[in-house]
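Participant: Sequence and computational prediction follow.
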There are 2 protein chains.
Amino acid sequence: MTDEITARRDELLGLKTPLFYDSPVHLVRGEGAWLYDADGRRYVDLYNNIPVVGHCNQRVVEALARQAATLNTHSRYLDDVILDYAERLLGLHADGIERVVFTCTGTEANEVAMQMARIATGGRGFVCTDAAYHGHSDLVGSLTYAPARGRPDVHSIPFPDAYRPIEEGLTSGALCDRYLAELRAAIDDFATEGVQFAGVLFCSILANEGLPDIPPGFMARAAAMVREAGGLVIFDEVQAGFCRTGRWWGYEGTDVVPDIVTMGKPIGNGFPLGACAARADLVDSFRERTHYFNTFAASPVHGAVGLAVLAELEERRLADNAATLGAYLKDQIDVIAAPIEGIGAIRARGLFLGIECVEDRVSKRPDRGAAAGICNGLRKRGFLTGTSGAYENQIKIRPPLVFDQVQADFFLEALADVLRGG
Amino acid sequence: MTDEITARRDELLGLKTPLFYDSPVHLVRGEGAWLYDADGRRYVDLYNNIPVVGHCNQRVVEALARQAATLNTHSRYLDDVILDYAERLLGLHADGIERVVFTCTGTEANEVAMQMARIATGGRGFVCTDAAYHGHSDLVGSLTYAPARGRPDVHSIPFPDAYRPIEEGLTSGALCDRYLAELRAAIDDFATEGVQFAGVLFCSILANEGLPDIPPGFMARAAAMVREAGGLVIFDEVQAGFCRTGRWWGYEGTDVVPDIVTMGKPIGNGFPLGACAARADLVDSFRERTHYFNTFAASPVHGAVGLAVLAELEERRLADNAATLGAYLKDQIDVIAAPIEGIGAIRARGLFLGIECVEDRVSKRPDRGAAAGICNGLRKRGFLTGTSGAYENQIKIRPPLVFDQVQADFFLEALADVLRGG
């Protein structure tokens, strides 16, 4: 059955279309943080951040169905729903995040952000980290694991990480300086090369990099350096946003209010929606220059779905749940992992955790095979996780935020068993 | 009321966010080819191609709601629904269109197509027309009204048009040769400039260009020339596809089977969905090289919505309706426009018509102001059209394909009245 559907998939969607697990899961139903396969088997979903308020959330589905049955048009007509949503969404952001451009995906939101920064600064050069992922278009994809040099308009810097520092033996402050010197060099290189600097694009928690231990003060000092050099600070909240970390936005943990912020993934609980919000002047100059129009975006359906997601996040206090259960998981995994030499560290930002698999705790050499093995072992036991991080050696735990204590305890038991080689 | 909502829109979405009509329409409900505003006023929708099977189509909304309440996940799990849809969709295409990559928008589909062509050919250079629009990302947007030369990897050619030919006094065959010589020159320029040629990206009916009278044989000979030069033929069916022209695909009118075809707008009746389909080897090499993954695309909801749209198009025989009513509108508008010197020509491809506004029929100088005036006049009478074409001097008529005879007759009466200056 699985072989048959996999063969059909190759035939219709193309060979090597990405799939999870040695034995892929054939899903047919979802509810809350549960997923069910074609054989009726139940899984705890510890991976999917997109259905942030739960798979098939009733309020979101009802809002979607009701609006889709009433009106669903593009944004060149006047419509209240999308404005109500824009107002609510902007109200959740820091002062200075004033206007919003809606898109259909996070990739499109990052396209808008980069174009917006280019228009505002007149520059073309962006700095990102060397393990960044911000989307799949030609422009945004140019940031994916970008080389430090060699492409005229993108320079990458080593992502800041106190666990595997760029230089050993430094104090935290000196290490922060060291990483800032890398940013300085990347900006200076643009000047040398005659490329005007446009800004940085960072995930506010460096999720794709593997939630590294960022030396305190790095983000705030990096933002100041970028602005002093005439660039803008873009924070990608596609993974960090919408209560994942126990706060509304990842940037709330950085002491930086970005000039431009992008949103995606959980924003519509699975409905294709993205957003790029920024200072008024930045959005206005972008609008004026590009006459940006996105066929399916800023529709009344975008508004209705987006509002329903925000209402669920607030009324069910899911930021608190992320903080509380995230801390609980972190503490329990610390205990489980303590005697296991192959677990180097547990990274945690609310309900986003990474279990760092290493060959040993001294060398800290990433053990990608071990991570994949644990992930496949958990899948066999009915727990869906993934692997992640710059070295793909982390077990990624990032469930829908309706994840509960009972599911957490089921998982911890299975994890302990798998880690003990059970 | 309208002023208030417009001011709120400026404040939240940015100044100069595009709007239609001198007096924008504040919509609250849609059904079939009808739209209703906040004052309860009814409009015949002659503009919107996206709700191809009608605004708020019941079958599509039900399929959407049912699937969104059952399972909505990304494509790294196995799922039958998206495969059933891929099979149905590919089955509607010519032999040679074998595999499909789903996206969330037409822009993303054209991103995939261009990246796919680059990977397959090893080239970077694309040729488009000088009035093309294929989307808003940095890469795809580089084709928008691209200059003939000056950008290293995009060259544009004058779009072929027998109504305003590049050179007067030629026979149809000689005119075709003349336009092909432009394509030849653009390809040769890439060779001179040391840029390897990747292919062409054309809308199969040149919709954005204004549905020009393409000299017979142009597309087939252009495709042969492109392939001989090592390039691929990408046809953009975002506007031409899904029965708009009275056939499933615009390319059916060209004697060309493209190497790569892109779809968008009507494909999901307003749900954010796009697709790029191509020969198996092209899709496979794209998958292998990029590991392309699009968070919201190829979901079970994409499949359910896409299938419902195809079922409606087929069961309600909307291709036939497009052909029949399109021909009827063309004939009637020809009669109405005959005595009016300011109407130069009526372009028609099924239920996609353009009324060409000119200063006079000899000079054929485009009259953009007249087109805007007629469009605003029709809006006042309750008929929603738009302006379009390379010179924005055409009244664009492109209703949902459920548009009917009664609505057509209402419209013709209003059009006659507006054209007579009523």
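Facilitator: That came through fine. Numbering: from 1, shown residues only, chains lettered A, B, ... in the order given.
Participant: so where's chain A shaky on pLDDT?
Facilitator: Residues of chain A meeting the criterion pLDDT under 70: A:149-150, A:422.
Participant: gap between the residue lying closest to A:Ala348 once chain neighbours are set aside and A:Ile397?
Facilitator: Using CB to CB, 6 or more residues apart in numbering or on different chains and skipping the chain neighbours, the partner closest in space to A:Ala348 is A:Lys330 (4.0 Å). Where C-beta positions appear, they are placed from N, C-alpha and C, glycine not excepted. Distance, A:Lys330 to A:Ile397, by CB to CB, to the nearest Å: 10 Å.
Participant: separation between A:Glu314 and chain B?
Facilitator: 20 Å (CB to the nearest CB, to the nearest Å).
Participant: Of A:Lys330 and A:Ile397, which one has the most company?
Facilitator: Legend: neighbour count by other CB atoms under 10 Å in any protein chain shown for A:Lys330 and A:Ile397, higher for A:Ile397 (28 against 17).
Participant: Send me stretch A:104-124 as CSV with only the CA atoms.
Facilitator: In CSV, the C-alpha atoms belonging to stretch A:104-124 read as follows (Å, rounded to 0.1, in the frame of the first residue of the first chain):
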residue,chain,number,x,y,z
CYS,A,104,0.2,33.9,0.2
THR,A,105,3.4,32.4,1.6
GLY,A,106,6.4,33.1,3.8
THR,A,107,8.6,33.0,0.8
GLU,A,108,6.5,35.8,-0.8
ALA,A,109,6.6,37.8,2.4
ASN,A,110,10.4,37.6,2.4
GLU,A,111,10.4,38.6,-1.3
VAL,A,112,8.4,41.7,-0.3
ALA,A,113,10.7,42.4,2.6
MET,A,114,13.9,42.2,0.5
GLN,A,115,12.4,44.3,-2.3
MET,A,116,11.2,46.8,0.3
ALA,A,117,14.6,47.1,1.9
ARG,A,118,16.2,47.6,-1.5
ILE,A,119,13.8,50.4,-2.4
ALA,A,120,14.2,52.2,0.9
THR,A,121,18.0,52.0,1.0
GLY,A,122,18.8,52.0,-2.7
GLY,A,123,21.1,49.1,-1.8
ARG,A,124,21.2,45.5,-3.0
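Participant: tell me which parts of the stretch 151-300 of chain A are close to chain B?
Facilitator: Neighbours of chain B within the stretch 151-300 of chain A, by CB under 8 Å from any CB of the partner chain: A:264-265, A:270-273, A:280, A:283-284, A:286-288, A:290-299.
Participant: Now the longest helix along chain A: buried residues?
Facilitator: Longest helix in chain A, counting residues (DSSP state H): helix A:172-193. Across helix A:172-193, burial judged by 16 or more other CB atoms under 10 Å in any protein chain shown covers A:175-180, A:182-183, A:186-187, A:189-190.
Participant: Skipping adjacent residues, who's closest to the residue nearest the centre of chain A in space?
Facilitator: Central residue check for chain A by CA atoms, centre = their mean: the C-alpha nearest the mean position is that of A:Gln239, 1.8 Å away. Leaving aside its chain neighbours, A:Gln239 sits nearest to A:Ala207 (4.0 Å; criterion: CB to CB, 6+ apart).
Participant: hmm, back to that, give the contact list for the residue nearest to A:Ala348.
Facilitator: Remark: with contacts taken as CB atoms under 8 Å, 6 or more residues apart in numbering or on different chains, A:Lys330 is in contact with A:346, A:348, A:353.
Participant: Now do it against B:Gln394, distance only.
Facilitator: Per CB to CB, A:Lys330 is found 62 Å from B:Gln394.
Participant: repeat for A:Ala322
Facilitator: A:Ala322 sits 53 Å away from B:Gln394 when distances are taken as CB to CB.
Participant: Check A:Ile333 too.
Facilitator: According to CB to CB, A:Ile333 stands 64 Å off from B:Gln394.
Participant: how long is stretch A:40-59 end to end?
Facilitator: Across its full length, stretch A:40-59 reaches 25 Å between end residues, using CA to CA, to the nearest Å.
Participant: and that stretch, how far out from the chain's middle?
Facilitator: What separates the centre of stretch A:40-59 from the centre of its chain is 17 Å, taken as CA atoms, centre = their mean, to the nearest Å.
Participant: Show me what counts as buried in it.
Facilitator: A:43-57, A:59.
Participant: Now look at that stretch and say if it contacts chain B.
Facilitator: Yes. Using CB under 8 Å from any CB, stretch A:40-59 reaches chain B at A:48, A:50-51, A:55-56, A:58.
Participant: got a markdown table for these, with secondary structure and distance to A:Leu384 too?
Facilitator: Shown next, in a markdown table, are those (DSSP: H, G, I helix; E, B strand; the rest coil; distance: CB to CB, whole Å):
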| residue | secondary structure | distance to A:Leu384 |
| --- | --- | --- |
| A:Asn48 | coil | 8 |
| A:Ile50 | coil | 13 |
| A:Pro51 | coil | 12 |
| A:His55 | strand | 11 |
| A:Cys56 | coil | 16 |
| A:Gln58 | helix | 22 |
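Participant: partners of the host helix or strand of A:Val44 in the sheet?
Facilitator: In this structure, A:Val44 sits in strand A:42-45 according to DSSP states H and E. Here strand A:42-45 has these sheet partners by DSSP bridges: strand A:34-37 (antiparallel), strand A:383-384 (parallel).
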